[in-house]
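[1] what follows is a protein structure lacking sequence information:
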DNA sequence: TGTTATGTTGCCAT
DNA sequence: TATGGCAACATAAC
């Protein structure tokens, strides 16, 4: 499930591979034409050929590829999307829905088992609007304890839900929220506005720690994530709670049985001793 | 064989 | 405005 570290991994690999290349042709899966969209009245598949690719950047879980003529591509992988760079002669990969041939003999292929992901041809105004609606980037100085305290102030929603809210913090998903809350020793149901400055400070440290660790390991692959070379990430073995707790697995810190909850519709794993619910 | 959990964003209801 | 629920979708694991 691509969250910030997985999208960052894709960005770092994709950028040097495609920078400066020109799009020769575009093919969209006729069974899933919605995978590629554009502004009203613009046919993206006819506009893209001839444009060149500039820098690849990331905002939250979105990839943004600068194009010539002031265009941009905004890509969101959602849950099962993959962005691959392969030789033009490579047969269609599994669940492939879009291919863009480049002038160096490679293709960019977009594949998505569950068809939630999108590739959008966007104007600079679209990119600015995206930037405005997303919250703070967690790996920048924008995420200070004071800033997080301000963002959480007065909120009664569980801290887990607040952390998943992309309007507040951009890029966290289910995996890294559970990991960060475990590291910070905070119960996921704690109302966000109830956290004191010590807890908030610990949470900021934990968020940045788990994200940096995952980026260093090129992301977490549970079932679907692959980088543009088709390689899995190596972070799964560094996870301490996510994906556990289904069969009474022990807390890696204290040995107590991990517990499982559903919060905001998302499976949540935590240690009842290391992350006590305060009364 | 059918049922359920999976998880992201956006839309809708409260 | 804040929050919760659900749809979009395909598959794996019961």
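    Sure, I can see it. These figures come from a predicted structure and were not determined experimentally.
[2] tell me, how many residues neighbour residue A:158?
    By the measure other CB atoms under 10 Å, the count of residues near residue A:158 is 20. Just so you know, the C-beta spots here come from the backbone N, C-alpha and C atoms, and that holds for glycine as well.
[3] so it sits against residue A:262, correct?
    No: contact criterion CB atoms under 8 Å: residue A:158 and residue A:262 do not qualify, at 11.0 Å.
[4] now the strands for the stretch 1-150 of chain A?
    A:23-28, A:36-37, A:53-59, A:62-67, A:72-76, A:81-87, A:96-102, A:106-112, A:118-122 (DSSP state E, counting those that start in this stretch).
[5] elements contacting the third one?
    Helices and strands in packing contact with strand A:53-59 are listed as helix A:4-18, strand A:62-67; criterion 3 or more CB pairs under 8 Å, 6 or more residues apart in numbering; DSSP states H and E.
[6] re the thing from before, nearest to DNA strand B, of the strands of the stretch 1-150 of chain A?
    Minimum separation from DNA strand B across the strands of the stretch 1-150 of chain A (CB to the nearest atom of the strand) falls at strand A:72-76, 5.8 Å.
[7] the closest one near DNA strand B at all?
    Yes: counting by CB under 7 Å from any atom of the strand, DNA strand B has neighbours in strand A:72-76: residue A:76.
[8] and that strand, is it in reach of DNA strand C?
    No: if you take CB under 7 Å from any atom of the strand as the test, strand A:72-76 misses DNA strand C, and the best it gets is 11.3 Å.
[9] and residue A:114, how many neighbours?
    Look at residue A:114: counted by other CB under 10 Å, it has 11 neighbours.
[10] return the residues of chain A in contact with DNA strand C.
    A:95, A:113-116, A:154-158, A:161-162, A:192, A:223, A:264-265.
[11] can we see that at 6 Å?
    Proximity of chain A to DNA strand C, by CB under 6 Å from any atom of the strand, involves residues A:113, A:114, A:115, A:116, A:155, A:156, A:157, A:161, A:264, A:265.
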